[in-house]
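Engineer: Coordinates for the following, if possible.
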Amino acid sequence: MSQRHSGKHPHASKSVLSSLMLPQDANPRGYVFGGSVLKLIDNAAYAAACRHAGTAACVTASFDRVDFTMPIDIGELVILEAQVHFAGHSSMQVGVNVFAENLDTGKRRQTNSCLVTMVAVDAQGRPIGVPPLIPETEEEKRLFKEALERRQKKIKRD
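Structural biologist: Sure, this is the predicted structure:
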């Protein structure tokens, strides 16, 4: 495993992706498939993790619980905001918030959020070190603390 790098601030990983939802994204009821949203979440988490890790070699380890609280309509713009909340030795916990925007009205609503664990890897797929995360704001410190607590609980379970 590679050496640790100097720390990075959470805002350095912030990634915003958007995608227009088209008919091929629709289920038979005319709403966007959950799987389409999951793919977008994975892409946003990947971008944030790569920005933090400083490499384009990050893989998805797990998704935390994903609840679809509101349907997304075809024709809406889906906006995903992702940012690293915690960094371990090689893994990163990335928070992703999903919004749907009606392009006629400009009204935006949050449809769901989730946490994705990403791992930085080398060319052989082995985990490599990532920079420590240095939270600055009270919100970043809170998210970091919550992520650390989740990680410690998961380690105890496993």
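Engineer: Contact partners for Ser15?
Structural biologist: 44, 47-48, 51, 80-83 (CB atoms under 8 Å, 6 or more residues apart in numbering). C-beta coordinates here come from the backbone N, C-alpha and C atoms, glycine included.
Engineer: One more pass at 7 Å, please.
Structural biologist: Applying CB atoms under 7 Å, 6 or more residues apart in numbering, one finds that Ser15 lies in contact with 44, 47-48, 51, 82.
Engineer: Name whatever forms a beta bridge with it.
Structural biologist: Ala82 (DSSP bridges).
Engineer: That one and Ala61: what is the separation?
Structural biologist: Using CB to CB, to the nearest Å, Ser15 is found at 18 Å from Ala61.
Engineer: returning to what we had before: I'd like the contacts of Ser15 as CSV, with pLDDT appended.
Structural biologist: Below are the contacts of Ser15 laid out as CSV (pLDDT from 0 to 100):
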residue, pLDDT
Ala44, 98
Ala47, 98
Ala48, 98
Arg51, 97
Ala82, 98
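Engineer: from those residues, which two are the most distant?
Structural biologist: Distance extremes for those: the farthest pair is Ala44 and Arg51 at 11.0 Å, using CB to CB.
Engineer: neighbour count winner among the two?
Structural biologist: Ala44 (27 against 19; other CB atoms under 10 Å).
Engineer: Please, where are all the helices along the chain?
Structural biologist: Assigned by DSSP state H, the helices in the chain fall at 34-53, 138-157.
Engineer: which residues touch the last one?
Structural biologist: With CB under 7 Å, 6+ apart as the contact definition, helix 138-157 has outside contacts at 10, 85-86, 88, 93, 95, 133, 135.
Engineer: Figure out which of the helices of the chain is closest to Asp104.
Structural biologist: That would be, of these and by CB to CB, helix 34-53, which comes in at 20.9 Å.
Engineer: hmm, which helix or strand of this protein has the shakiest average pLDDT?
Structural biologist: The weakest-scoring helix or strand in the chain, judged by mean pLDDT, DSSP states H and E, is helix 138-157 (a mean of 89).
Engineer: Pull the biggest strand by length in the chain out as CSV, backbone CA atoms only.
Structural biologist: Secondary structure assigned by DSSP state E gives strand 108-120 as the longest strand of the chain. Taking only C-alpha atoms (Å, rounded to 0.1, in the frame of the first residue of the first chain), the coordinates of strand 108-120 have been written out as CSV:
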residue,chain,number,x,y,z
ARG,A,108,-36.2,21.7,-7.2
ARG,A,109,-36.9,19.0,-4.7
GLN,A,110,-34.6,16.5,-2.9
THR,A,111,-35.7,13.0,-3.9
ASN,A,112,-33.2,10.9,-1.9
SER,A,113,-29.7,10.7,-0.4
CYS,A,114,-27.4,7.9,0.5
LEU,A,115,-23.8,7.0,1.5
VAL,A,116,-21.5,5.2,-0.8
THR,A,117,-18.2,3.6,0.3
MET,A,118,-15.5,3.8,-2.3
VAL,A,119,-12.0,2.3,-2.3
ALA,A,120,-8.9,3.6,-4.1
